[in-house]
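Asker: Next input, structure requested:
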Amino acid sequence: MEKLFYITIAGALGTLARYFIGNLFVRDGINTINFGIFIPNILGSLAFGFIWSISYDKGLISDQLRVPILVGFMGAFTTFSTFAFDNFTLLRDSQWSMLSLNLLITNIGGVIFVYLGFRIAKFF
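Answerer: Residues are numbered from 1 along each chain as shown. Down below sits the predicted model:
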């Protein structure tokens, strides 16, 4: 139960950090890069790799601290970091077909489902 408390607090901090960064970079239009999303995703990917490496590979951060940071803070700050980590793991393990499939399905599937969401919303 204590771990859940720390994950919740870390998640709240991750949400606030993402909100703060999002407000720093307000997009002019839909056809420009949304740096309010791009920057947390890229920074989150960097932080995820760094934290995982120094905690899991080097043992410098305990599991009790690693889990709230990666699940709580990073989960709220960006889900892209987990996606990037999963793809990196597939790349590192030379799982080329699974890597390609994951990238293809997630990215193209995401665009398709956004489109479907817009289409479904027209019925309401």
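
Asker: could you give me the average pLDDT of the longest helix seen in the chain?
Answerer: Counting by DSSP state H, the longest helix found in the chain is helix 96-121. For helix 96-121, mean pLDDT rounds to 91.

Asker: Check which residues of that helix are buried.
Answerer: Under the neighbour-count criterion of 16 or more other CB atoms under 10 Å, helix 96-121 has Leu99 buried. Quick note: C-beta positions are derived from backbone N, CA and C, even for glycine.

Asker: just the helices in this protein please.
Answerer: Assigned by DSSP H, the chain shows helices spanning 2-24, 35-52, 63-67, 74-77, 80-92, 96-121.

Asker: looking at those helices, which is buried most?
Answerer: Scoring the helices of the chain by mean neighbour count under mean count of other CB atoms under 10 Å gives helix 74-77 as the most buried, with a mean of 23.

Asker: Touching that one from outside, list them.
Answerer: Here helix 74-77 makes contact (CB atoms under 8 Å, 6 or more residues apart in numbering) with 10-15, 17-18, 40, 44, 47-48, 51, 81-82.

Asker: Could you check how far the longest helix of the chain is from the centre of its chain?
Answerer: 16 Å (CA atoms, centre = their mean, to the nearest Å).

Asker: for that helix, packing partners?
Answerer: When contacts are defined as 3 or more CB pairs under 8 Å, 6 or more residues apart in numbering; DSSP states H and E, helix 96-121 sits against helix 80-92.

Asker: As CSV, could you dump the C-alpha coordinates of the helix it packs on?
Answerer: What follows is helix 80-92, C-alpha atoms only, in CSV (Å, rounded to 0.1, in the frame of the first residue of the first chain):
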residue,chain,number,x,y,z
PHE,A,80,5.9,7.5,-25.0
SER,A,81,8.9,6.7,-22.9
THR,A,82,7.5,3.2,-22.2
PHE,A,83,6.8,2.8,-25.9
ALA,A,84,10.3,3.9,-26.8
PHE,A,85,11.8,1.6,-24.1
ASP,A,86,9.8,-1.4,-25.4
ASN,A,87,11.0,-0.7,-29.0
PHE,A,88,14.6,-0.2,-27.8
THR,A,89,14.5,-3.6,-26.0
LEU,A,90,13.3,-5.2,-29.3
LEU,A,91,16.0,-3.5,-31.2
ARG,A,92,18.7,-4.5,-28.7
